[in-house]
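Here is a sequence together with a model predicted from it:
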Amino acid sequence: QVRAVGSNAGRDASEVSLFAEVSSRVDDATRFEIVTDYGSLVVDNVDGVWVLPSRGGYPVEDDNLRRLVLNLADLELLEPKSSDPANHARLGLMMPDPARAGIVGEGPTRVLVRAGDETLLDVILSEATYQARRPSLFVREADGNQTYQFAGQVTAPLDIRQWLPDPVLQQVEHPSNPGL
């Protein structure tokens with residue numbers, strides 16, 4: 001059975017969303033972390049502005065964050081899958097590790113959303129697969145073993161240029177951080 005979390009506690013499994021907490025509290029978020037085998041990206045909210053700490057506090061397009069959360073909230077639970085950790089690799093749900101030097105767009109993605117010290121979301125997402133032209137993916141909470149299959153797909157770009165607010169800015173260097 002699907003473990004009801006946050007505002008889903010006590011609901012029937014068919015009504016549960018692992019993403020209800022983060023979708024209802026997206027405005028409270030202070031940090032987004034996205035980790036894959038290719039690399040990681042951290043975006044912090046500093047005084048109401050979303051920035052890349054790894055790039056000297058360069059501001060980013062906050063629509064990407066909202067789109068990511070809305071993509072997650074729009075996923076439709078198809079069914080619970082295995083709770084055996086031995087199946088994580090087969091489902092594409094092993095913990096991502098940038099040290100594995102993966103290929104962009106391949107492998108699992110960890111999405112961590114925090115509001116101060118509180119974790120609003122910490123999940124591992126598989127790559128999308130297609131069944132009858134309908135995308136689906138496997139998901140598990142990062143600290144759990146139960147896996148789920150959801151209909152839909154989520155894209156979380158790791159290319160820093162995709163987070164910059166203006167296409168012109170994608171071509172220039174930030175004064176406090178040459179080499180952007």
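Here it is on my side, so go on.

can I assume residue 79 is in contact with residue 146?
No: Residue 79 sits out of contact with residue 146 when judged by C-beta atoms under 8 Å, with a separation of 11.5 Å. For every residue, glycine as well, the C-beta is placed using N, CA and C.

quick one: which of the two has more around it?
residue 146 (17 against 10; other C-beta atoms under 10 Å).

excluding its backbone neighbours, what's nearest the more buried one?
In space, and not counting its chain neighbours, residue 146 is closest to residue 83: 4.5 Å by C-beta to C-beta, 6 or more residues apart in numbering.

where's residue 26 relative to residue 79, distance?
27 Å (C-beta to C-beta, to the nearest Å).

Then residue 41?
With C-beta to C-beta as the criterion, residue 41 and residue 79 are 31 Å apart.

doesn't residue 22 fall inside a helix?
Yes: under the criterion used here (DSSP: H, G, I helix; E, B strand; the rest coil), residue 22 sits inside a helix.

Could you report the neighbour count for it?
The tally of other residues near residue 22 (other C-beta under 10 Å) stands at 26.
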